[in-house]
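**Q** I would like the atomic coordinates for the input below:
(chains A and B)
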Protein chains: 2
Amino acid sequence: MDDWTTLPLERSGRRPLYQQIKEAVAAAIEAGSLPPLTRLPPTRALAHQLGVDRVTVVTAYNELAAEGYISAHVGRGSFVLDRATAGREGLASPPPSLRAPADWTAHNLNREMMRLARRPDIISFAPGMPATDLLPVDAYRLALNTVLRRDGPEVLQYGLIEGYPPLLAAIATELAGMGMRVEPDQLLITSGTEQALALVLRTLLHPGDTVLIEQPTYALVLDVLAGTGVVIQPVPCDENGVIPEALPDLIARCRPRLLYLTPTFQNPTGACMPLARRHHLLALAAEHDLFLLEDDVYAHLWLDAPPPPSLRALDPSDHVIYTNGYSKCLLPGARIGYLLAPARLHGLLAAAHQTLDISASELHQRALETYLGEGRFASHLTRLRGAYRQRRQAMLEALAEEMPAGATWTRPGGGLYCWLQLPVDGPSATTVYVHALDTGVAFAPGRLSFPLAAMGTGGSHHARLNFTLHPPTVTAAGIHRLARAWRQAAGET
Amino acid sequence: MDDWTTLPLERSGRRPLYQQIKEAVAAAIEAGSLPPLTRLPPTRALAHQLGVDRVTVVTAYNELAAEGYISAHVGRGSFVLDRATAGREGLASPPPSLRAPADWTAHNLNREMMRLARRPDIISFAPGMPATDLLPVDAYRLALNTVLRRDGPEVLQYGLIEGYPPLLAAIATELAGMGMRVEPDQLLITSGTEQALALVLRTLLHPGDTVLIEQPTYALVLDVLAGTGVVIQPVPCDENGVIPEALPDLIARCRPRLLYLTPTFQNPTGACMPLARRHHLLALAAEHDLFLLEDDVYAHLWLDAPPPPSLRALDPSDHVIYTNGYSKCLLPGARIGYLLAPARLHGLLAAAHQTLDISASELHQRALETYLGEGRFASHLTRLRGAYRQRRQAMLEALAEEMPAGATWTRPGGGLYCWLQLPVDGPSATTVYVHALDTGVAFAPGRLSFPLAAMGTGGSHHARLNFTLHPPTVTAAGIHRLARAWRQAAGET
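**A** Numbers count the residues shown, from 1 in each chain, chains lettered A, B, ... in the order given. So this is what the prediction gives:
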């Protein structure tokens, strides 16, 4: 704890107490004695220590947050932000609407954590990416060169906003194999699935609308929604995903526009919704005219048995907005995803699409089409599944070996993630994270997958571990370091 | 004027007056007697006509806007929305927030025109792209293969959200050559310049804010702003661009957050702002704390003499948000642009960036960095300028030869566009466009470059002609067809 926590306050009433506190903290941050990611004391504790009202401390923290010094959220704790990414250089503070919504500070924290996790001495299980060493670079290089020689300079030109027509046709064929009957002109190519999600959420949702989400959910969706004025309403979930029985009440109460969900190998829990529940959910969507935004990016990554058909494949009433892409199983860096919307939304989304981007990379689209046309995708997935099974096994064995009593974790049937719950009477995942960076390992703290309002408890002891990233021996070493970090955080070293 | 403007209001107090007005307008729209894009009477005039308070009419319009019937913005007029892009196909009409903003109907028109212009029998001067036949596909193929062999599978992985660090360094070097001193970490790579513009406009502007634009301006920026609730305020321009003397008044009246402009070889006029005016503009920005969003994508495409330094290069007070990229002069399909923001905005924009996209294509970024590092860019630009000078000459000669009396056009010193004004007493550009598709030529109708409120007159007789797309003989043939289309439209055939 730093000396500003014992600062002598001037109680003459000439300078507000909150302002004195604020200035002391700001000075400590400026001076570097409170470095980025330092957790400030809880407001209640600091108020007690300084002998002031808690509201005084809350006000000071709010001011610091508004000025970009700290991230402050009720129930989450307050962290010092990296000033390099905030205001500086003695300029006047920006006008109110030039400030980030509060929720983005969580994002900054996430970005900071991810940056730290890139240190070469760290074994990171944090990122949501497939294993680099298994990306099919040789086959894709051939496809690129085929296209460059065949098509000449037009592969470097802008593409059509809807996407490269032969790729649309190839995707329609792929979807047919997954039980979805689709015409190519129903598809929109997007710059990765994330752009498809941003497009749908920003186009269909307006301030004051309610969106339903799984809890926990994909962290970036929370960021897309941050600052939009959209109300985020979590839906109760169990190990099979969204609980349909909980929906009618929520729908009546919140009148939501849509439900965002990943029914197959959910991020972060890995849950896969059984067929009967899918039908139940679709019946509710039709009955209540609720759109389901189905994120299916992990569908190809089954390890034990193929998952049930997608919601879109089962949809009797055209209520599913379906998105998928090639980032989680083939080519993250090509930025190719796609969107398949109900007929009544297609025109609206197609028009909005061009306000985000002119087109996806034409070269990547053509090379991907060539790659898919050569029939290489299926054998790539088979190879990937074999390797991922080994890596999953390595992580599960290491967790069983290393984790403290009281820890539990999922055994994912597919996707990329193991969802670890640390002992609830032990240190929080965020605390463990700080120690983990010292022991040389990183993970995605669970609270990033929970919306702000629920963060007081949600995810506080959870960690998302990407089990696919490293060969078995490296995974084992990483989990060993994680256990050490936990013991350090628990004061058991 | 329609009969609903004289409707007899029931003044018993049982039904609110605003609701009666709202229902009358809605009924007229539903019945088709107020077709899409009809401009409703100003609130003040209608209030006078109906003998009610203006606030009553404003409330009615607001309700209509909230329900998707009209677009209503203070100072911009209210337009009937195109119901065809909303509910149809016998499905229940979508909930209010699932309707497209009015302004997107202009965009749909644009997209339709562009699609028609792709017919192989049409010589199109419409798109805002560089000439396909001059894209350096061989050199770029070498760069791609260098990177694929050198870096292996990680070129297919997600990149850093900020961009590939060596590319950031290469861009900083390029900017230094343009008189801008920049550290690589001040830059953000975006998926093309359009994403940079969308990022800035969507992040910094909130509903009710005012943005200043050139008139005419880049059509896609109008689309990005459509439906955001941001008030678009055109600034008077002459052949040298924005007129600084007009700004103080506008700033006092509208309190704008920023001014979007292309000072160098503007789209669509080709105007290039002289040095003295740049200094004047920058002094005003500093004085009034106005951000200047400088779109510099045509800077490299000078044909007669290099343009003055960018606003960013001259900026004494850190008020310029600078964006540029490689789409207009090198690699449209690689989707690589960048953003250079004032220090006090960088963190905010960096955080918002990830809510639009995870990263630009890592492969393209690395290949571009290799290409730039080989020093090929300068010689490519020299070659491009030589060809573009010939193509400009061909178009100017053909216009002089073919255009009717009363037509005028610019002689662009750079960029891609010739800005043609058809005789104001003849057929409109939109009318000519319909005939042009028959005679086998296409252009971008001028009104797409004007904000909706100004569309009544602005650009009605203008056409944007991209002079770079075709070899001289094809350009000559295309302008010949254009003249024929004009004569047909004028009934002179």
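**Q** what's the mean pLDDT across stretch A:379-396?
**A** Per-residue confidence for stretch A:379-396 averages out to 97 on the pLDDT scale.
**Q** for that stretch, buried residues please.
**A** Judged by neighbour count using 16 or more other C-beta atoms under 10 Å in any protein chain shown, the buried positions of stretch A:379-396 are A:380-381, A:384-385, A:388, A:391-392, A:394-396. The C-beta positions use only the backbone N, C-alpha and C, and glycine is treated the same way.
**Q** how many other residues sit next to A:Asp53?
**A** The number of residues packed near A:Asp53 is 13, by other C-beta atoms under 10 Å in any protein chain shown.
**Q** meant to ask about A:Gly13
**A** In terms of burial, A:Gly13 registers 7 neighbours under the definition other C-beta under 10 Å.
**Q** just say helix, strand or coil for it.
**A** At A:Gly13, secondary structure determined by DSSP: H, G, I helix; E, B strand; the rest coil is coil.
**Q** repeat for A:Met129
**A** Taking three-state DSSP, the label given to A:Met129 is coil.
**Q** what's it in contact with, if anything?
**A** If you count contacts by C-beta atoms under 8 Å, 6 or more residues apart in numbering or on different chains, A:Met129 has them with A:327-328, A:332, A:416, A:466, A:469, B:157-158.
**Q** ok, now A:Thr59?
**A** With contact set as C-beta under 8 Å, 6+ apart, A:Thr59 has these partners: A:Tyr18.
**Q** make sure I have this right: it is in a helix.
**A** Yes. Counting by three-state DSSP, one finds A:Thr59 located in a helix.
**Q** before we move on, the earlier item: what is the nearest of the contacts of A:Met129 to A:Tyr433?
**A** When the contacts of A:Met129 are compared for distance to A:Tyr433, the smallest value, 15.0 Å, is given by A:Asn466; criterion: C-beta to C-beta.
**Q** okay, now the closest one: neighbour count?
**A** For A:Asn466, the tally of surrounding residues (other C-beta under 10 Å) stands at 25.
**Q** does it touch A:Ile123 like I think?
**A** No. The pair A:Asn466 / A:Ile123 is not scored as a contact, 11.0 Å apart, by C-beta atoms under 8 Å.
**Q** which of the contacts of A:Met129 has the most neighbours?
**A** The member of the contacts of A:Met129 that has the most neighbours, counting by other C-beta under 10 Å, is A:Leu416 with 29 neighbours.
**Q** wait, that residue touches A:Leu301, no?
**A** Yes. Using C-beta under 8 Å, A:Leu416 is in contact with A:Leu301, at 6.8 Å.
**Q** overlap in contacts of the two?
**A** Residues touching both A:Leu416 and A:Leu301 by C-beta under 8 Å, 6+ apart: A:265, A:328.
**Q** that older thread, can you list the buried residues of stretch A:379-396 in CSV and add distance to chain B and secondary structure?
**A** Output for those, formatted as CSV (distance: C-beta to the nearest C-beta, whole Å; DSSP: H, G, I helix; E, B strand; the rest coil):
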residue, distance to chain B, secondary structure
A:His380, 12, helix
A:Leu381, 15, helix
A:Leu384, 13, helix
A:Arg385, 18, helix
A:Tyr388, 16, helix
A:Arg391, 16, helix
A:Arg392, 20, helix
A:Ala394, 20, helix
A:Met395, 20, helix
A:Leu396, 25, helix
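**Q** quickly name whichever of those is closest to B:Gln19.
**A** Nearest to B:Gln19 out of the buried residues of stretch A:379-396 is A:Leu381 (C-beta to C-beta; 58.3 Å).
**Q** hmm, back to that, pull the most distant pair out of the contacts of A:Met129.
**A** Longest span within the contacts of A:Met129, C-beta to C-beta: A:Ser327 and A:Leu469, 14.6 Å.
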